[in-house]
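Colleague: show me the folded form of this:
(chains A and B)
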There are 2 protein chains.
Amino acid sequence: MTITYGGHPGASPSARADASYESDEGFRVPHKTVIIGGGAAGLGAAGGVKAASPDAEVVVYTEYEDVAYSPCGIPYVHGKEISDFDKLFLATKEQYVSVGIDVHYETTVTKVDTAARKVHVEGEGAVSYDTLIFATGFDYADPGVPGKDLGGLYYVKNIRRAMEWDEVLDSVKTAVVIEATPLGVEMTTSLAHRGIETHLVDPHPWPLAEMADPDIMAPVEESWRELGVITHFNTTLKGFVGQGRVSSVATSDGEIPCDLVVVATHKVPNARLAAAAGLEIGSTGGVVVDERMATSVDGVFAAGDCTEIPHGLTRVPLQGLTGSHAYAQGKTAGQNAGGGDRRYKAVYVPWGTPAGKWIIGGASFGETTATALGIPYVVGQAQGISRARYYPGVKPVKVKLLAEPGSLRLIGAQIVGGEGIKERADFLAMAVKHGFTFHDLSAMENVYSPAIGALNEPIVVAATNGLEELRKAGKL
Amino acid sequence: MTITYGGHPGASPSARADASYESDEGFRVPHKTVIIGGGAAGLGAAGGVKAASPDAEVVVYTEYEDVAYSPCGIPYVHGKEISDFDKLFLATKEQYVSVGIDVHYETTVTKVDTAARKVHVEGEGAVSYDTLIFATGFDYADPGVPGKDLGGLYYVKNIRRAMEWDEVLDSVKTAVVIEATPLGVEMTTSLAHRGIETHLVDPHPWPLAEMADPDIMAPVEESWRELGVITHFNTTLKGFVGQGRVSSVATSDGEIPCDLVVVATHKVPNARLAAAAGLEIGSTGGVVVDERMATSVDGVFAAGDCTEIPHGLTRVPLQGLTGSHAYAQGKTAGQNAGGGDRRYKAVYVPWGTPAGKWIIGGASFGETTATALGIPYVVGQAQGISRARYYPGVKPVKVKLLAEPGSLRLIGAQIVGGEGIKERADFLAMAVKHGFTFHDLSAMENVYSPAIGALNEPIVVAATNGLEELRKAGKL
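Modeller: Numbers count the residues shown, from 1 in each chain, chains lettered A, B, ... in the order given. Okay, here's the model as predicted:
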């Protein structure tokens, strides 16, 4: 799960959408779709094409040995929460063959010629298409320091490499995680669970600083301390040090000796091939798409981490969303590439992940992101519980809601707690999307049943507290 | 948690509300509020008065020895999920004294004279009030069969009696639960957990038949069988048999020998005192209130199980909602009785409870209730999961959505699964209230993080499947 609030307002793909729809007349039903990339977006796209056009020829090119596994599960196998990498596979290669999706493994597309509607494939030569879908995913941002060619630097991505690294981890005593991104947070937690002395190095003052607020992350940091994690915030990476293999990490805070480094820098769109093919690239470096996931070039679509998608409230383009987003975008791109008609709307970005001993989550803006974007807000918050106070397994649930001053329409939420975080984040993203106000949320009914829910839902209490604060301040 | 879809359309309290608001002019700030009843509604009301008018005199009369405990927790102590009745107490008697709420325990109000603004209290005589709040709660419906004065019939309600019955349960080998109401479902599950041979007798073809659909309850019934519960559906209660103490239950299906009977018949409003005082009583037998929880008599309010509240979609009055509803209604009644202004709106009724090895829940109408009320609907359903398929602790989550044909606005939902049911029910009740359609829910984003949420949220899949069915049928 990665979300980057990058880019600038104004570069809104959805502004382009309407014009693009008009050009759809005369769109011929395609016979062959080529998809570059075999991740969630690429396979979502393959399924989408087949849904719209069951007889279409669908060819997927991937540089990797596998498709159809869950890369998001990798940190949890490293952390021993999941027993085996085999469990991450979702489908067999035969299953793709049987539904008529032709996956070419370990195959690189070197060039795209959109005028000739051809891709150039290593070992296959020129391959023609009727419609093309870019699903080329992301790269980790270059850490930009000396020593990045040393051994012992682990970039979490491919399941085969993860299997190899997992064996390495058996002999690792000390590890350093570079940057408290969502992956960095997951890997820090997982390595600590595994009993490895884990250092986390990040230039910001708290983890996930570009999406989460410090009060939400404070319990996570505390639980990391309990797990033995050593955090280095406000700390700049200076380089990787070692002879052939990394033996320490140089930082603004001194050197940290280690056996292994997890480089969990930000995701950046892998849009090199798309840019070389002349597709419009946006302010985040992602491929610009409209609501049909169509790019600036006729017959060419894109989906997933290689694209950028506007935020529903600000229209600021976002990139590096979740696998769930990538899959849904892929389905949309695929259906449209297959001659169907499906839209992918701007996003309101529910997010969530385990972190330390807690689960954190939210939707759209927190105080930090709102402040960074210059968006004014009022806050309502509550420290609540997940079940009746006396029921075994009851967990804290802290909810913070942000609303637009005046209208009191929700613009975001952050949550930290023990259970029910994902479901609340999903709901709150819909609440932002549909313009629910503090009044709406304060008047919300909730299930009360001791084993599954408390008398007062924390979201309701947070909204009610927000109104109460405004009332006291004479602003309501 | 009890919900009864009783009464008839047309008797809408909210139709009365507008007229009532106009009569508010000249409402004097009250000095003394009397509250009859010390449950969730009564204590919510006491707090509400104090919030609106901190100096007001607040007197609560209860027939019981205690206030401020959670009766909803009682079945779980019997089932040994909760270790001790003491855990169910929420506050001490001193805490009420300290905030200026004067609770008179084991005290009966025998008569109310609204013209003289006086209540007659056993042992105290006539007590005057400025505003009065009825929070007299519910009774279990009279089973209406011979033998109901025998010993060994347990009506779950008061915590002191529950403590005594809990000791009795230690020597009970076989118990019969009368009616698969929400309490009946909880008690059946709890007694089975406790290792007691438990029979469940109900005249309907499946449990919770007046609110839940058979496909939602099927896994619950199966898990009861695994727990050793013997169910007797389509079975009429004929009587309780025994010499002084119940020794068997007579039914249309034969006699069931037993040591104890839990009488979990429907809740009916305890509105005798209110009716005798001349308050308008509605079609369900509950006190009629407007959005301020004001009754038909000036200065008199009512809240909780003794009232009836309109359903947001049909305006059909409902009674016997949850403790959460009672508390919120009490707060509203109290604030208005204290000179404030707060509204309680029509309800969309999220509900949920553990049942057997599952958790069930929903919001507003299921197929059974919609059919009973003559409301047309289309269905979208999905069998989903609560986490990534490979993540430990993953549980099934089945979602069924009902929408109005044509507009595809949600009119209700039912869920059965292992986790996240309460949060989904809360959300779906808001989705009904705010008119979300299958299209809205199908386009909903969701958190994807293996430990807390699956790639595809079951609500989204259910809505998408519903659209797909309509498309196939040429209705979209």
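
Colleague: residues of the stretch 201-350 of chain A that sit close to chain B?
Modeller: Residues of the stretch 201-350 of chain A lying near chain B by Cβ under 8 Å from any Cβ of the partner chain: A:322-325, A:327-328, A:345, A:347-350. Using the backbone N, CA and C atoms, a C-beta is placed for each residue, glycine as well.

Colleague: let me have those residues in TSV, extended by neighbour count, secondary structure and pLDDT.
Modeller: Below are those laid out as TSV (neighbours: other Cβ atoms under 10 Å in any protein chain shown; DSSP: H, G, I helix; E, B strand; the rest coil; pLDDT from 0 to 100):
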residue	neighbour count	secondary structure	pLDDT
A:Thr322	28	coil	89
A:Gly323	23	helix	90
A:Ser324	24	helix	90
A:His325	28	helix	93
A:Tyr327	24	helix	94
A:Ala328	31	helix	94
A:Lys345	16	coil	90
A:Val347	22	strand	94
A:Tyr348	23	coil	96
A:Val349	26	coil	93
A:Pro350	31	strand	96
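
Colleague: contacting residues around A:Tyr64?
Modeller: Residues near A:Tyr64 by Cβ atoms under 8 Å, 6 or more residues apart in numbering or on different chains: A:38, A:105-106, A:158, A:160.

Colleague: farthest pair in the residues of the stretch 201-350 of chain A next to chain B?
Modeller: The span of those, defined through Cβ to Cβ, is set by A:Gly323 and A:Lys345 at 18.1 Å.

Colleague: strands of the stretch 51-200 of chain A, start to end?
Modeller: Assigned by DSSP state E, counting those that start in this stretch, the stretch 51-200 of chain A shows strands spanning A:57-61, A:101-104, A:109-113, A:118-121, A:125-128, A:131-134, A:138-140, A:153-154, A:174-178, A:197-201.

Colleague: now find how far off-centre the last one is within its chain.
Modeller: In other words, strand A:197-201. In terms of Cα atoms, centre = their mean, to the nearest Å, the centre of strand A:197-201 is set 22 Å apart from its chain centre.

Colleague: that one pairs with which strands, and in what direction?
Modeller: strand A:174-178 (parallel), strand A:230-232 (parallel) (DSSP bridges).

Colleague: immediately after it, which helix or strand?
Modeller: helix A:214-226 (DSSP states H and E).

Colleague: for that next one, the averaged confidence score.
Modeller: Mean pLDDT, helix A:214-226: 97.

Colleague: so what touches it?
Modeller: For helix A:214-226, the surrounding residues in contact (Cβ under 8 Å, 6+ apart) are A:185, A:188-189, A:192, A:200, A:205-208, A:231, A:355-358, A:360, A:362, A:366, A:368, A:398, A:400, A:414-416.

Colleague: and if you look at stretch A:40-50?
Modeller: Against stretch A:40-50 from outside (Cβ under 8 Å, 6+ apart): A:33, A:35-36, A:56, A:58, A:60, A:62, A:67-68, A:96, A:99-101, A:131, A:133, A:135, A:137, A:301, A:303-306, A:323-324, A:326-338, A:340, A:342, B:455.

Colleague: what's the domain layout of chain A?
Modeller: What automatic domain parsing lists as the domains of chain A is A:13-67+A:105-139+A:267-337, A:153-263, A:357-471.

Colleague: list the contacts of A:Ile375.
Modeller: A:314, A:365, A:411.

Colleague: just the buried residues of stretch A:199-210, please?
Modeller: In terms of neighbour count (16 or more other Cβ atoms under 10 Å in any protein chain shown), stretch A:199-210 has its buried residues at A:199-202, A:206-210.

Colleague: from those, pick the one nearest B:Gln383.
Modeller: A:Leu208 (33.5 Å).

Colleague: and stretch A:192-206, how far apart are its ends?
Modeller: 18 Å (Cα to Cα, to the nearest Å).

Colleague: off-centre distance for it?
Modeller: Centroid separation for stretch A:192-206 versus its chain: 20 Å, with Cα atoms, centre = their mean.

Colleague: kindly report the same for stretch A:171-188.
Modeller: That offset, for stretch A:171-188, works out to 17 Å (Cα atoms, centre = their mean).

Colleague: over to it now: how far is its first residue from its last?
Modeller: Start-to-end, stretch A:171-188 (Cα to Cα) is 17 Å.

Colleague: same check on stretch A:278-285?
Modeller: End-to-end distance of stretch A:278-285 (Cα to Cα): 13 Å.

Colleague: report whether stretch A:392-402 contacts chain B.
Modeller: Yes. Using Cβ under 8 Å from any Cβ, stretch A:392-402 comes into contact with chain B via A:Pro392.

Colleague: let me know the next secondary structure element after the worst-scoring helix or strand of chain A on mean pLDDT.
Modeller: Counting by mean pLDDT, DSSP states H and E, chain A has its least confident helix or strand at helix A:13-22, which shows a mean of 29. Note on helix A:13-22: by DSSP H and E, the next helix or strand toward the C-terminus is strand A:32-36.

Colleague: now name the helix or strand holding the nearest residue to A:Ser449 once chain neighbours are set aside.
Modeller: Nearest-residue entry for A:Ser449: B:Thr353, 4.6 Å, with adjacent residues in sequence omitted and distances by Cβ to Cβ, 6 or more residues apart in numbering or on different chains. In this assignment (DSSP H and E), B:Thr353 forms part of strand B:350-355.

Colleague: what about A:Asp253, distance to A:Met187?
Modeller: 20 Å (Cβ to Cβ, to the nearest Å).

Colleague: these two - which one has more neighbours?
Modeller: Neighbours per residue (other Cβ atoms under 10 Å in any protein chain shown) separate A:Asp253 from A:Met187, with A:Met187 holding more: 26 against 13.

Colleague: neighbouring contacts of the helix or strand A:Thr369 falls within?
Modeller: Counting by DSSP H and E, the element that carries A:Thr369 is helix A:367-372. For helix A:367-372, contacts defined as Cβ under 8 Å, 6+ apart pick out A:5, A:209-214, A:376-377, A:379, A:400, A:402, A:411-412.

Colleague: ranking the residues you listed by neighbours, who comes first?
Modeller: Most crowded among those, counting by other Cβ under 10 Å, is A:Ala212 at 29 neighbours.

Colleague: list the contacts for it?
Modeller: Listed by Cβ under 8 Å, 6+ apart, the contact set of A:Ala212 reads A:206, A:360, A:362, A:366, A:368, A:414.

Colleague: and those residues, which is closest to A:Leu227?
Modeller: A:Ile360 (15.3 Å).

Colleague: so how far is A:Val77 from that closest one?
Modeller: A:Ile360 is 21 Å from A:Val77, by Cβ to Cβ.

Colleague: who's more crowded, those two?
Modeller: For A:Ile360 versus A:Val77, neighbours defined as other Cβ under 10 Å are more numerous around A:Ile360 (30 against 22).
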